[in-house]
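[1] I'd like to go over a predicted model; first the sequence, then the structure.
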Amino acid sequence: MSKLDILRREWIDVVFAEKNKNYGAYQLRKTNGTNTTRALIIGSLVFLALFFAPKIYGLIKGSLEEDQKVEKAKEVIIAPPPPVNPETPPPPPVEPPPPKVDQVKMPPPIVKPDEQVRDEEPPTVEKLKEADPGQRDIKGDPTADIVIAAPVGEGPKREAAVAVDDNQVYDFVSIEKQPEFPGGLPKFYKYLGNAIKYPPMAQENNVQGKVFLSFVVEKDGKLTDITVTRGLGSGTDEEAIRVLKASPRWNPGIQNGKPVRVKYNINVNFTLN
């Protein structure tokens, strides 16, 4: 018995005889072979494209890298250096090393038993005046020129290294002599009591308390950098600053026998009588 192919067109016509052939199943079975072949071809092409894509990409990338390497290997022509100006002074000659001086042996002190001590006299004071002490005797070159090895260049001088910054602001607790109002703090608070004018806003709001301030007593006794560190408001901070700005000059602080700038802290009390 021969094998039957139920997908052949003759069998499809028999199955769908006297039936609606516009129905989808008839059309699908009629075009099944064509659709299957087309799908197989398209799938094979997609598979081959995906399989060979990395190799093709590697070949393209390798060719691009070779082109880039060739570009990097281009010859670069460097312009020759400019001619030397004959008027340019030559560099200073290198100073020769100082001549060797005589050296006498100075034996190091070693503690040994008495029977192992060798009679080796140390150099006298007269020999040390003429030669430097060392581990062995070395003769100098009496015919060499005398060269004094001294530091050269534009480095900082020793006086500049120990110079004191005149603009440094010292803390009043670490100063040798603290700045002082003429006559002392009692005179200063008396000055504040006479100079302060109670702000009207502070009177209306019954504002009382202390305004804390900091300032710098300059070398000439003038008060600068007046700052309110903790205030009351209602015009009391501004009044305290005004009074300090109008203050007579103080006696400046002293450090190492010289007047210096000193930071000072103080409070101004506002009290309603």
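    Thanks, I have the structure now. Numbers count the residues shown, from 1 in each chain.

[2] the helix or strand of the chain with the lowest mean pLDDT: what's the following helix or strand?
    Lowest on mean pLDDT, DSSP states H and E among the helices and strands of the chain sits helix 158-161, with a mean of 45. Toward the C-terminus, helix 158-161 is succeeded by strand 169-171 as the next helix or strand (DSSP states H and E).

[3] in the helix or strand just after that next one, what's buried?
    Next in sequence after strand 169-171, counting helices and strands by DSSP H and E, comes helix 185-195. For helix 185-195, burial by neighbour count (16 or more other Cβ atoms under 10 Å) applies to 188, 191, 192. Backbone N, C-alpha and C define where each C-beta goes, glycine included.

[4] wait, what's in contact with the first one?
    By Cβ atoms under 8 Å, 6 or more residues apart in numbering, the contact set of residue 188 is 181, 247.

[5] same deal with the last one?
    Shown here is residue 192, whose contacts under the criterion Cβ under 8 Å, 6+ apart are 243, 268.

[6] same check on the second one?
    Taking Cβ under 8 Å, 6+ apart as the criterion, residue 191 is in contact with 181, 247, 248.

[7] helix, strand or coil for residue 83?
    coil (DSSP: H, G, I helix; E, B strand; the rest coil).

[8] quick one: it and residue 193, what's the gap?
    Look at residue 83 and residue 193: by Cβ to Cβ, to the nearest Å, they are 84 Å apart.

[9] kindly report the same for residue 177.
    With Cβ to Cβ as the criterion, residue 177 and residue 193 are 27 Å apart.

[10] flag the shaky bits of the stretch 51-200 of the chain, pLDDT-wise.
    Where the stretch 51-200 of the chain drops to pLDDT under 70, the residues are 63-76, 97-165.

[11] can you give me the helices in this protein?
    9-15, 24-30, 32-72, 125-130, 158-161, 185-195, 200-204, 236-245 (DSSP state H).

[12] what helices or strands is the longest strand seen in the chain leaning on?
    Longest among the strand segments of the chain by residue count, using DSSP state E, is strand 258-270. Here strand 258-270 touches strand 169-171, strand 209-217, helix 236-245, strand 253-255, going by 3 or more Cβ pairs under 8 Å, 6 or more residues apart in numbering; DSSP states H and E.

[13] please redo it, this time with the cut-off set to 10 Å
    Identification of packing neighbours for strand 258-270 by 3 or more Cβ pairs under 10 Å, 6 or more residues apart in numbering; DSSP states H and E yields strand 169-171, helix 185-195, strand 209-217, strand 223-230, helix 236-245, strand 253-255.

[14] as CSV, these with distance to residue 263 would be great.
    Output for these, formatted as CSV (distance: least, Cβ to Cβ, whole Å):
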stretch, distance to residue 263
strand 169-171, 5
helix 185-195, 17
strand 209-217, 5
strand 223-230, 8
helix 236-245, 14
strand 253-255, 10
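
[15] closest one to residue 42 among the ones you listed?
    strand 223-230 (84.8 Å; Cβ to Cβ).

[16] in the closest one, what counts as buried?
    Under 16+ other Cβ under 10 Å, the buried positions of strand 223-230 are 223, 226, 228.
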